[in-house]
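# need a structure here:
(one chain, ligands or ions: 2)
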Amino acid sequence: MNTTTIIEQIRAKGERITLPRRLVIDALGYTHEHLAISDIQRHIQAQSPGHPVSDTTIYRVLQWLKDLGLVSQTDMGQIGIVYALMSHPHHHHLICLTCGTTITIEDALFIPLRDQLRRDYNFEARVDHMAIYGQCAGCSQDQSHPA
Ligand SMILES: [Zn+2]
Ligand SMILES: [Zn+2]
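Ligands and ions are numbered 1, 2, ... in the order given. This is a model prediction of the structure:
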């Protein structure tokens, strides 16, 4: 799904596409990485130097996109809060609290969880882009075998 499709989807919901909204969507669609607000701001500055957008405005646009179900918001620990278009390949992260290593995991792991929540609680879980904290193999080994 490219940004034109996303903008069409938003219009179909009866929402208005203002210039800051379009600039934020373009920045998110430009890369398949997730971006912090400062990354989005840098991208807008580089692409449209004549239209600076404040971090408050970017934040508000991101919350609006999140409410529309188009953007995920994830707290990545030391890296900070990152945003990604939902059209990006669905994945999640394991984050080591000791060394900050992140491991990408596939969404398939959450399918049984979603099914069970639907069955037992009649709840449609939106597991967009999870960050699961813990310790990586190297760090948990260090702790169980102190030098
Ligand atoms: Zn991610
Ligand atoms: Zn670690």
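# Can you give me the neighbour number for Asp75?
Asp75 has 11 neighbouring residues, counting by other C-beta atoms under 10 Å. C-beta here means a position set from N, CA and C on the backbone, and glycine is covered the same way.
# whoops, I mixed them up, Leu117
Leu117, neighbours per other C-beta under 10 Å, totals 15.
# how far away is it from Pro49?
46 Å (C-beta to C-beta, to the nearest Å).
# got it, and Asp120?
53 Å.
# now for the one helix or strand in the chain whose mean pLDDT sits lowest, which elements pack on it?
Taking mean pLDDT, DSSP states H and E as the measure, the helix or strand of the chain with the lowest value is helix 137-144, at a mean of 85. Contacts defined by 3 or more C-beta pairs under 8 Å, 6 or more residues apart in numbering; DSSP states H and E place helix 137-144 against no helix or strand at all.
# residue boundaries of the helices in this protein?
Applying DSSP state H to the chain gives helices spanning 3-12, 19-30, 37-47, 55-67, 111-121, 137-144.
# With distance to Ser87 added, can I get those helices in CSV?
Compiled in CSV, the helices of the chain are given as follows (distance: least, C-beta to C-beta, whole Å):
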stretch, distance to Ser87
helix 3-12, 7
helix 19-30, 8
helix 37-47, 16
helix 55-67, 11
helix 111-121, 19
helix 137-144, 32
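# and these, which is most packed in?
Using mean count of other C-beta atoms under 10 Å, the stretch among the helices of the chain with the greatest mean number of neighbours is helix 19-30 (a mean of 20).
# Send me that helix as PDB with only the CA atoms.
What follows is helix 19-30, C-alpha atoms only, in PDB (Å, rounded to 0.1, in the frame of the first residue of the first chain):
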ATOM      1  CA  LEU A  19      -0.600  19.900   4.200                       C
ATOM      2  CA  PRO A  20       0.900  18.800   7.500                       C
ATOM      3  CA  ARG A  21      -1.100  15.500   7.400                       C
ATOM      4  CA  ARG A  22       0.200  14.800   3.900                       C
ATOM      5  CA  LEU A  23       3.800  15.600   4.800                       C
ATOM      6  CA  VAL A  24       3.700  13.200   7.800                       C
ATOM      7  CA  ILE A  25       2.200  10.500   5.700                       C
ATOM      8  CA  ASP A  26       4.800  11.000   3.000                       C
ATOM      9  CA  ALA A  27       7.600  10.800   5.500                       C
ATOM     10  CA  LEU A  28       6.200   7.500   7.000                       C
ATOM     11  CA  GLY A  29       5.800   6.100   3.500                       C
ATOM     12  CA  TYR A  30       9.300   7.100   2.400                       C
END
